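Colleague: Need a 3D model of the following:
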Amino acid sequence: MSTKLYVGNLPWTFSNNQLMDTFKPFGNVISAKVVTDKESGKSRGFGFVEMENDYGANSAIKALNGSELSGRKLVVAAAKAS
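Modeller: Numbering: from 1, shown residues only. Have a look, this model is predicted:
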């Protein structure tokens with residue numbers, strides 16, 4: 001079963017592909033989406049990554065949460081169910 005992660009404090013210029021590439025070293029990434037403003041199309045500074053399994057998701061959380069990316073400290077956590 002896949003695991004969805006919340007990724008906050010992303011660099012404003014980050015694309016879906018860059019987000020996916022950031023998480024690939026930790027396991028199979030099913031999807032990666034930077035949330036954008038509907039009006040302007042600009043990044044809202046957060047996104048979601050869906051990993052194939054808990055192992056990859058947990059590895060990514062341990063490695064990336066609090067790490068610095070383009071001068072911003074990432075927040076990576078299991079996404080809350082909506």
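Colleague: Given the one helix or strand in the chain whose mean pLDDT sits lowest, what are its sheet partners and their directions?
Modeller: The weakest-scoring helix or strand in the chain, judged by mean pLDDT, DSSP states H and E, is strand 68-69 (a mean of 92). For strand 68-69, the pairing partners within the sheet under DSSP bridges are strand 72-73 (antiparallel).
Colleague: what does the helix or strand harbouring residue 61 contact?
Modeller: For residue 61, the host element (DSSP states H and E) is helix 54-64. Outside helix 54-64, the residues that touch it by Cβ atoms under 8 Å, 6 or more residues apart in numbering are 1, 3, 5, 7, 22-23, 26-28, 49, 51, 74, 76-78. Bear in mind the C-beta positions are built from the backbone N, C-alpha and C, glycine included.
Colleague: all helices of the chain, in order?
Modeller: For the chain, the helices defined by DSSP state H occupy 16-23, 54-64.
Colleague: follow-up on the earlier one: filter the contacts of helix 54-64 to the buried ones?
Modeller: With burial judged by 16 or more other Cβ atoms under 10 Å, the buried subset of the contacts of helix 54-64 is 3, 5, 7, 22-23, 26-27, 49, 51, 74, 76.
Colleague: For residue 29, which residues count as its bridge partners?
Modeller: As for beta bridges, residue 29 partners with residue 51 under DSSP bridges.
Colleague: which residues touch it?
Modeller: Taking Cβ under 8 Å, 6+ apart, we find residue 29 in contact with 20, 23, 49-52.
Colleague: Go ahead and confirm residue 76 touches residue 6.
Modeller: Yes: counting by Cβ atoms under 8 Å, residue 76 touches residue 6, with 7.3 Å between them.
Colleague: for this structure, what are the low-confidence residue spans?
Modeller: For the chain, residues meeting the criterion pLDDT under 70 lie at 82.
Colleague: Tell me which residue of it is furthest from the middle?
Modeller: No residue in the chain sits farther from the centre than residue 39, which is 22.2 Å out by Cα atoms, centre = their mean.
Colleague: gap between that residue and residue 74?
Modeller: Note on residue 39: its distance to residue 74, by Cβ to Cβ, to the nearest Å, is 26 Å.
Colleague: Same question for residue 27.
Modeller: Distance of residue 27 to residue 74, computed by Cβ to Cβ: 17 Å.
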